[in-house]
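>>> what follows is a predicted protein model with its sequence.
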Amino acid sequence: GDSVTQTEGQVALSEEDFLTIHCNYSASGYPALFWYVQYPGEGPQFLFRASRDKEKGSSRGFEATYNKEATSFHLQKASVQESDSAVYYCALSDLGTQVVGQLTFGSGTRLQVYA
Amino acid sequence: DTTVKQNPRYKLARVGKPVNLICSQTMNHDTMYWYQKKPNQAPKLLLFYYDKILNREADTFEKFQSSRPNNSFCSLYIGSAGLEYSAMYLCASSRKGYEQYFGPGTRLTVL
């Protein structure tokens, strides 16, 4: 079945540092790729998506580019703030092989940004 | 309003007792989902309703039931809770193929 791998379980940075969270996927079809963010006490929030090769998704200073050849969708931000501290999930869905394009999530990366 | 609501936020249940969790949305989304989230694990899809049709994942088919009496509400029912059911339960909704909106979750503790 489809799967998503996030390499980093936890990332600790200082404010204004550059962020990269790695996401690789395995899918039988041509999935859409997503990033979600979860703050304490809340459910995951949609950050952005990309649906085709080389498409860049972005929101709130975060961005990721769909790389079909490398099967990757790495999250980056040029300068993190303390308020970015949260858990970030990479996910995929595939309307071509699934009933409604239900999500398959990675295990999440906890980002802690120190002032 | 893009709010998905879940009740209760915290639930304590005894082993062997039933549990019923409630979710609601007012976005007129055709699909509603239930996920189970345990610490340091990915959210795991349990089931979803597409319109009035229930789809349950194969590995959780017999453990969870659900109902959707109307477009806005969806419940998750556990007939006999076991210790392994302790987790966060997340409800989400979407239009088919679009991004999902999540509720804040219900933290279930089974003792």
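Perfect, thanks for sending it.
>>> confidence score at residue 14?
Here I'm looking at chain A. Predicted confidence (pLDDT) for A:S14: 98.
>>> chain B is the one I meant
In this model, B:R14 is scored at 97, pLDDT.
>>> contacts only, for residue 66.
All of this refers to chain A. Residues near A:Y66 by CB atoms under 8 Å, 6 or more residues apart in numbering or on different chains: A:L33, A:A50, A:S51, A:R52, A:D53, A:K54, A:E55, A:K56, A:G57, A:F73. All C-beta atoms are positioned from the backbone trio N, CA, C, and that covers glycine.
>>> chain B is the one I meant
With CB under 8 Å, 6+ apart, B:S66 has these contacts: B:W34, B:L47, B:Y49, B:L54, B:R56, B:C74, B:S75, B:L76, B:Y77.
>>> so where's the chain uncertain?
Answering for chain A, as no chain was given. A:96-99 (pLDDT under 70).
>>> my question was about chain B, not that one.
B:1-2.
>>> spell out which residues of it are next to chain A.
Neighbours of chain A within chain B, by CB under 8 Å from any CB of the partner chain: B:4, B:31, B:33, B:40-43, B:45, B:48, B:50, B:55, B:90, B:92, B:94, B:96-105.
>>> just the buried ones among those, please.
If you count burial by 16 or more other CB atoms under 10 Å in any protein chain shown, the buried members of the residues of chain B next to chain A come out as B:4, B:31, B:33, B:42-43, B:45, B:48, B:50, B:55, B:90, B:92, B:94, B:98-105.
>>> picking up where we left off before, got a PyMOL select line for the buried ones in the contacts of A:Y66?
In PyMOL syntax, the buried subset of these is picked out as below (16+ other CB under 10 Å):
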select buried, chain A and resi 33+50+55+57+73
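>>> closest one to chain B out of the contacts of A:Y66, please.
Comparing those against chain B with CB to the nearest CB picks out A:S51 as the nearest, at 9.8 Å.
>>> for the closest residue to chain B within chain A, which non-adjacent residue is closest in space?
In chain A, the residue found nearest to chain B is A:G43; the distance is 3.1 Å by CB to the nearest CB. Setting aside the residues directly before and after it, A:G43 is nearest to B:F102 in space (CB to CB, 6 or more residues apart in numbering or on different chains), at 3.1 Å.
>>> doesn't B:Y89 make contact with B:V110?
No - if you go by CB atoms under 8 Å, B:V110 and B:Y89 don't touch, sitting 11.8 Å apart.
>>> can you give me the strands in the chain?
All of this refers to chain A. A:3-6, A:10-14, A:19-21, A:23-26, A:32-38, A:45-50, A:56-59, A:62-65, A:75-77, A:86-93, A:104-105, A:109-114 (DSSP state E).
>>> chain B was what I was after
B:4-7, B:10-13, B:19-25, B:31-37, B:44-50, B:53-56, B:65-70, B:73-78, B:87-94, B:101-102, B:106-110.
>>> which other helices and strands contact the longest one?
Strand B:87-94 makes packing contacts with strand B:4-7, strand B:19-25, strand B:31-37, strand B:73-78, strand B:101-102, strand B:106-110 when contacts are defined by 3 or more CB pairs under 8 Å, 6 or more residues apart in numbering or on different chains; DSSP states H and E.
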